[in-house]
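Peer 1: need coordinates for the below:
(chains A, B and C)
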Amino acid sequence: MTPRRVAVTGMGLICPLGRDPEAVFRDMIAGRSGVSALDAFDTTGFEVKVAARVRDFDPGAALPGELGAFLERGLDRKTAFGLAAAGDALASAFGAAAPSSVPPARRGVHLATGLTSTEVPEAEQDFLAHLDGRGAYDPRSAGRAAARNDGLFAYRHMTDLCAALVARRAGAAGPVLTNHGACAAAAQAIGHAFHDLREGEIDLAVCGGFESMIHPFGVLSFALLGALSTTTDRPPEAVSRPFDRTRDGFVIGEGAAMFVLEPLDLALARGARPLAEIVGYGSSLDAFRVTAPAPHGAGAARAMRSALRDAGLPPEAVGYINAHGTATPLNDAHETEAIRAVFGGPGRAPPVSSTKSMIGHAVAAAGAVEGVAVVQALRHQVLPPTLNLRDPDPECDLDYVPLVGRPASFEYAVSNSFGFGGQNASLVFRRWEGPA
Amino acid sequence: MDAERRKIYEVVVQNIAEALGLDEEEVHLEDTLIEDLGAESLDFLDIAFRLEQDLGIKIPRGDIQARAAESAGDEPFEVDGVLTAVGLARLREAMPEIPDERFKEGMTVREIPYLFTVETFFNLCVRLVGEKSAVTA
Amino acid sequence: MRAVLTGAGMVSALGLSPEEVWGRWRRGETGIRPLERTREPWTPIAYGGEVAAGFKPGDHAFHRKMLKVMSWPVRFGVGAARLAVADAGGEQAVWGDLPDLRRGMFTGAALTVDEDNEFLPALRDAEADGRLDLVRFGREGVPTINPLWLVKGLTNNVLALVAQGYGLRGPNDNIGNGRAGGIQALAEAQWALRDGGADALLAGGHDTQLYMEKLVGLHLLGRLHPAAEPPWGECGPLGPGALGIVPGEGAAFVVVEPEERARGRGARVRARVLACADACAPAGLGEPLPVDLGREALARAVGRALDEAGLRGDDVGVALVSASGDPAEAAVFGVLPELLHPGVDLLAPAGVLGDGGAAGGAFALALALPVLAEGRHRRALVAAASDTGEIAVTLLEAAP
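Peer 2: This next block holds a predicted model:
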């Protein structure tokens, strides 16, 4: 089978700047930040004081009856994000209609997420209540209590449940996968869906990522490794500063983004309006360290080269790179080195920006949330900026589109996502030049 | 070596061995953590944590560099990540256990962890335990 | 391009290679025994497929140092991957002549668990009248938690550690689809070979069901087997004794490479991969696996695999399935004689290993190799179903 072109025909977004991809992108190019004081819990005893939280999201209201009722019983926040974003994506692709022209067995779902979440009430209920007099954990007590409650405990540890629920929502009975590739996960999930469509395995995919770790234990897990910014002498919206000389770690974000992908010919035949095309996906392993990137960003460079090869494009075709750009000292220096190696140095490499400067790091969902920014950049021919980049690091010497967005004329864009465990993924998007 | 220093020495060697999956006999005072003993950045966090727990101290991250930078006073410690002559001299003073030839002109801040030896952790712990005792007394 | 399997490794309750497990299974032995390392006194489950004490993680870790961040399922996974490479001729033979970008790995994994509950003392010290005092927790508890806590919990640890150990830098994915993950990993590995993106890969899965949160969950959902005694013998998970899950653990990995390369390097070709397919039966909330939808999905996946291989149902002599003991899964996989032919041999490794979770499909995959090597059957179907309704199958053929 000749490889098919793959179109993005729908997208849904839940992020700290909002839920409407148009409004979110307007905020981004204006250099508005979704980072604010971390008020999800009392941070008095914690070093981390800021986060990029999703506000005004009511899972019960956001989701249809049965699911909403179920979620109100306590299903975790990130699954609610995922379901809501998938619903938005399907609605944007098909309106109120179901994608009835595609047989269910030819519809697939590829999602990505990270660890299970334990919020404070759950920690109290599941753990704290069952410590015996000596402070040891008493599983008998936990078992007895567990037998009394309603069984939601079991769901909190099923990270593939969201994919099953999205599959049901999309009427999908084809391949359904949940990717656990750490911070590269969502880009990998989108990449795999893209390949399945291109090779003719399926005719419709819902793909993307969902994540929320803005609870004490999630924040702590990154803070203990020194990965999060502990800056307190700047306003919250100025803390996330990728590529800046003074950067000191990432700001934790949350959210979800989902895409509907279809073969371009089928999409056009049904009268859909493509938002963009996906034309390349590449993935690599550092095979170096668990948390530190490989020297010279070698793994990152391999992922980008592999994605370009997959797309059949020379580096100079690329007009914009949405960087992983976490604002950790190591990532940004190594990613810059990797971009230089693949695209050439200053003046030759395309403009690069990190939207994490505005929406924080959505961890396993990052590649999907940032994918929406890339699609919007291609559609509007405007580059989103790297906010807070006021004191450039001499080691980071590329054009990072500092502070505010700017118009550009470009056809192809790359989105990078790199994860702990040394998993790297790059996607190549193409501007849709037909009638929109 | 007095009893207290002997005890600290044993704790340091034991914890470095455990953190790096080595036998204690494989850990020597003059060994560098990264090049000789195979440590990576995560292991520094792990070793510092273990020593804090066992010795009841708090090891501020980047303590040695921070002290060296502070001792440089108004003079710049580094420029664009490269240690200045003053920075290099102050760092050498803060790490007396490291042979002089290891402090090379043009050294970057990011290369400082490569200097660390087992003795660096030992000296750090001796100082912090001493400071703690002084406060307690 | 035909993908073949040239090596397999297992870490399980009944042995450390598919041959050992199959041999002992054939002799009527079972790995389901009284639990030792993981006994949880509050559950009615006193038996399970616990990896035997004979498995020494230190013998398999690439670096002894990394054991500190390796939870038990990660140790199983790294062990099984290394055993698979050894079985395929050793590190040099499998990877030696390949650029690192053409070496890949696909894993089926569950969430890595914090078996030691390392943060419990910090929680305890910050308790105030049954509530968690977050300020005290932050100030006093946090400094007592090892900073590598998150690293131990990373779900892609097996992928990361094995990639480091062998210098694998090519195609990769870590899939969290329960029992189906190990077979989906093989499917993706096969795609990577066909795409021309890799020349040798590892594929498989690893997991444990034998830890507190998982057992509480299964218990609450009423999905654990009620028996206080070892509940079944051979093929139990597919028979009338399928009254619930008997938990197990372990890992299995296979080495996948193009047939031409395998022949060229003189490798023993253990089986050809004829086809891979998957389908899903969108699960209900809290239902294990909807039987009707599950059967339909299984039929679709099997039909697609047979079509791709150009085979009919009666060309397949044996089916190895991930049936965990759950009655719904028994009912779904029970349809296989209708889908294939009435005389097909059905084997459910969970009957002697317990439910391997994300290792379940990989167990069935690895055990297909000694089953085919016996020569009674030329082709095997391997099928696995996740709790959320994903079904993955692969068709294997004995090497001529």
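
Peer 1: what about the residue of chain A found nearest chain B, how many residues close to it?
Peer 2: Nearest residue of chain A to chain B (Cβ to the nearest Cβ) works out as A:Pro394 at 4.5 Å. C-betas here are computed from N, CA, C, even on glycine. As a burial measure, A:Pro394 scores 10 neighbours (other Cβ atoms under 10 Å in any protein chain shown).

Peer 1: got a pLDDT number for it?
Peer 2: A:Pro394 is assigned 92 on the pLDDT scale.

Peer 1: tell me which helix or strand it sits in.
Peer 2: Under the criterion DSSP states H and E, no helix or strand holds A:Pro394.

Peer 1: for chain C, which element, helix or strand, carries the lowest mean pLDDT?
Peer 2: One helix or strand of chain C scores below all others by mean pLDDT, DSSP states H and E: helix C:212-220, with a mean of 74.

Peer 1: quick check: phi and psi on C:Thr107?
Peer 2: C:Thr107 adopts backbone torsions of phi -120, psi 150, taken as degrees, to the nearest 10.

Peer 1: isn't it right up against C:Gly204?
Peer 2: Yes: using Cβ atoms under 8 Å, C:Thr107 makes contact with C:Gly204 at a distance of 6.7 Å.

Peer 1: give me the common contacts of these two.
Peer 2: When Cβ atoms under 8 Å, 6 or more residues apart in numbering or on different chains defines a contact, the residues bordering C:Thr107 and C:Gly204 alike are C:77, C:185.

Peer 1: leaving out chain neighbours, which residue sits closest to C:Glu188?
Peer 2: By the measure of Cβ to Cβ, 6 or more residues apart in numbering or on different chains, the closest residue to C:Glu188 outside its immediate chain neighbours is C:Phe106, 4.7 Å from it.

Peer 1: please tell me how far the one you found sits from chain B.
Peer 2: Going from C:Phe106 to chain B by Cβ to the nearest Cβ, to the nearest Å gives 25 Å.

Peer 1: show me what contacts that residue?
Peer 2: C:Phe106 neighbours (Cβ under 8 Å, 6+ apart): C:171-175, C:184-186, C:188-189, C:192, C:201-203.

Peer 1: secondary structure and pLDDT for those residues - can I get that in a markdown table?
Peer 2: Listed next are the contacts of C:Phe106 as a markdown table, based on DSSP: H, G, I helix; E, B strand; the rest coil; pLDDT from 0 to 100:
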| residue | secondary structure | pLDDT |
| --- | --- | --- |
| C:Pro171 | coil | 94 |
| C:Asn172 | strand | 94 |
| C:Asp173 | strand | 94 |
| C:Asn174 | strand | 95 |
| C:Ile175 | strand | 94 |
| C:Gln184 | helix | 96 |
| C:Ala185 | helix | 97 |
| C:Leu186 | helix | 98 |
| C:Glu188 | helix | 94 |
| C:Ala189 | helix | 96 |
| C:Ala192 | helix | 92 |
| C:Leu201 | strand | 98 |
| C:Leu202 | strand | 98 |
| C:Ala203 | strand | 98 |
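
Peer 1: which among these gets closest to A:Glu201?
Peer 2: The shortest approach to A:Glu201 among the contacts of C:Phe106 belongs to C:Glu188, at 11.4 Å (Cβ to Cβ).

Peer 1: counting by contacts, list what the least confident helix or strand of chain C packs against.
Peer 2: Judged by 3 or more Cβ pairs under 8 Å, 6 or more residues apart in numbering or on different chains; DSSP states H and E, helix C:212-220 is in contact with helix A:139-148, helix A:152-155.

Peer 1: give me the pLDDT for the residue nearest to C:Glu188.
Peer 2: Reported pLDDT for C:Phe106: 97.

Peer 1: hang on, the earlier thing: C:Thr107 and C:Gly204 - which one has more neighbours?
Peer 2: For C:Thr107 versus C:Gly204, the count of surrounding residues by other Cβ under 10 Å is larger for C:Gly204: 37 against 34.

Peer 1: taking the centroid of chain B, which residue is nearest it?
Peer 2: The residue lying closest to the centre of chain B (Cα atoms, centre = their mean) is B:Thr120, at 3.7 Å.

Peer 1: any idea how far the helix or strand in which that one is found is from the chain center?
Peer 2: Element membership of B:Thr120, judged by DSSP H and E, is helix B:118-136. Relative to its chain's centre, helix B:118-136 lies at 11 Å (Cα atoms, centre = their mean, to the nearest Å).

Peer 1: which ones are touching whichever residue of chain B sits closest to chain A?
Peer 2: Residue of chain B nearest chain A, by Cβ to the nearest Cβ: B:Asp80 (4.5 Å). Contact analysis of B:Asp80 by Cβ under 8 Å, 6+ apart lists A:394-395.

Peer 1: next, give phi and psi for it.
Peer 2: According to degrees, to the nearest 10, B:Asp80 has phi 50, psi 40.

Peer 1: my read: C:His377 touches C:Leu347, true?
Peer 2: No: counting by Cβ under 8 Å, C:His377 sits too far from C:Leu347 to count as a contact (10.4 Å).

Peer 1: interface residues of the stretch 201-350 of chain A facing chain B?
Peer 2: Selection of the stretch 201-350 of chain A residues close to chain B by Cβ under 8 Å from any Cβ of the partner chain yields A:224-226, A:289-292.

Peer 1: what residue ranges in chain C are flagged as low confidence?
Peer 2: Applying pLDDT under 70 to chain C flags the ranges C:40-45, C:112-117, C:228-235, C:283-288.

Peer 1: quick one: the helices in chain B?
Peer 2: B:3-20, B:41-55, B:63-71, B:85-94, B:118-136 (DSSP state H).
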